[in-house]
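Engineer: Sharing a sequence plus its predicted fold:
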Amino acid sequence: MGEITVLTKATSKSKSLRTTVPMGIVKQFNFSEGDKLNWEIRAEGGKLIIVVKPLKRSTRKR
């Protein structure tokens, strides 16, 4: 099985949900706060397929 995360409310007044990116993924892709992710979502054979791609990063210092 892969990583397990929990969905929580984005804010107390929001209908959106959020989750945490597991630390192994953060380290593998050198993510930092403020980085952007592009989510491609589709259904195939009764499963939800989600492809997450980092967008081109800014030239800020890390």
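Structural biologist: The structure has been received and is ready for your questions. Residues are numbered from 1 along each chain as shown.
Engineer: who touches stretch 6-19?
Structural biologist: 5, 20 (Cβ atoms under 8 Å, 6 or more residues apart in numbering). Every residue, glycine included, has its C-beta placed from N, CA and C.
Engineer: tell me the mean pLDDT for that stretch?
Structural biologist: Averaging pLDDT along stretch 6-19 gives 92.
Engineer: So what would you say the end-to-end distance of it is?
Structural biologist: 6 Å (Cα to Cα, to the nearest Å).
Engineer: Could you report the pLDDT at residue 60?
Structural biologist: Here, the pLDDT recorded for residue 60 equals 55.
Engineer: And residue 28, by the same measure?
Structural biologist: pLDDT, read off for residue 28, is 90.
Engineer: my read is it is in a helix, agree?
Structural biologist: Yes: counting by DSSP: H, G, I helix; E, B strand; the rest coil, residue 28 is found in a helix.
Engineer: Grab the nearest non-local neighbour of the residue nearest to the spatial centre of the chain.
Structural biologist: Centroid-nearest residue in the chain, with Cα atoms, centre = their mean: residue 21, separated by 5.6 Å. Leaving out its chain neighbours, the residue that sits closest to residue 21 by Cβ to Cβ, 6 or more residues apart in numbering is residue 31, at 6.5 Å.
Engineer: Nothing else from me, thank you.
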